[in-house]
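*Asks:* sequence unknown, structure follows:
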């Protein structure tokens, strides 16, 4: 997860989120959004255009940020929602609580986005061939040790719990 605040805006701080936002990011996300909100005059706009994963547990961070903003007479708007973020907010029935904005206009207004004509679209890759069926004479287990116990042939011991 990356968070970037746009210092060019004066009254509304734009916070750009990037990458995967999951359960482990909640504390950092809340701190960053709170900091951005505190440094703004009117509120924050959170840009989700680069978010590839949004855990439903992170919705509570948005709701807490919204509540804090309302107590201070500020706003929280959601900008350029990626499809995954939009879906999670719809399923949690919280999307209607926020003002949403489209992605901002390109900083290069004369430049058109690159497109690929249908004839130039690469064909999907062929699926990998199926794995060969296991041989009845071999097994994932082999005899090991002097006691004759069985263990997986490609295993790694991973400690579970205190030693």
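*Replies:* Structure received. Source: prediction; values computed, not measured.
*Asks:* Run a quick neighbour tally on residue 90.
*Replies:* With neighbours defined by other C-beta atoms under 10 Å, the count for residue 90 comes to 12. All C-beta atoms are positioned from the backbone trio N, CA, C, and that covers glycine.
*Asks:* Next, the contact list for it, please.
*Replies:* Residues near residue 90 by C-beta atoms under 8 Å, 6 or more residues apart in numbering: none.
*Asks:* backbone phi and psi for the closest residue in space to residue 91 that isn't next to it in sequence, please?
*Replies:* Residue nearest to residue 91 in three dimensions, not counting chain neighbours: residue 56, with 7.2 Å by C-beta to C-beta, 6 or more residues apart in numbering. When read as degrees, to the nearest 10, the backbone of residue 56 gives phi -60, psi -30.
*Asks:* Confirm for me that residue 56 is in contact with residue 87.
*Replies:* No. Using C-beta atoms under 8 Å, residue 56 is not in contact with residue 87; the gap is 9.8 Å.
*Asks:* Retrieve the pLDDT associated with the residue nearest to residue 91.
*Replies:* According to the per-residue confidence, residue 56 scores 89 in pLDDT.
*Asks:* can you check residue 61 too?
*Replies:* Listed pLDDT for residue 61 reads 95.
*Asks:* Poorly predicted segments of this structure, please.
*Replies:* 1-10, 104-163 (pLDDT under 70).
*Asks:* Show me where it has its helices.
*Replies:* 26-39, 59-71, 83-91 (DSSP state H).
*Asks:* what's in contact with stretch 48-58?
*Replies:* Against stretch 48-58 from outside (C-beta under 8 Å, 6+ apart): 16-23, 25-26, 29, 78-82, 84-85, 88, 91-92, 103.
*Asks:* for stretch 66-78, that is, sorry about that
*Replies:* With C-beta under 8 Å, 6+ apart as the contact definition, stretch 66-78 has outside contacts at 12, 33-34, 37, 40, 42-46, 48, 62, 65, 85, 89, 97-101.
*Asks:* If we use 10 Å, what do you get?
*Replies:* Here stretch 66-78 makes contact (C-beta atoms under 10 Å, 6 or more residues apart in numbering) with 11-15, 30, 33-34, 36-38, 40-48, 62-63, 65, 85-86, 89, 94-95, 97-101.
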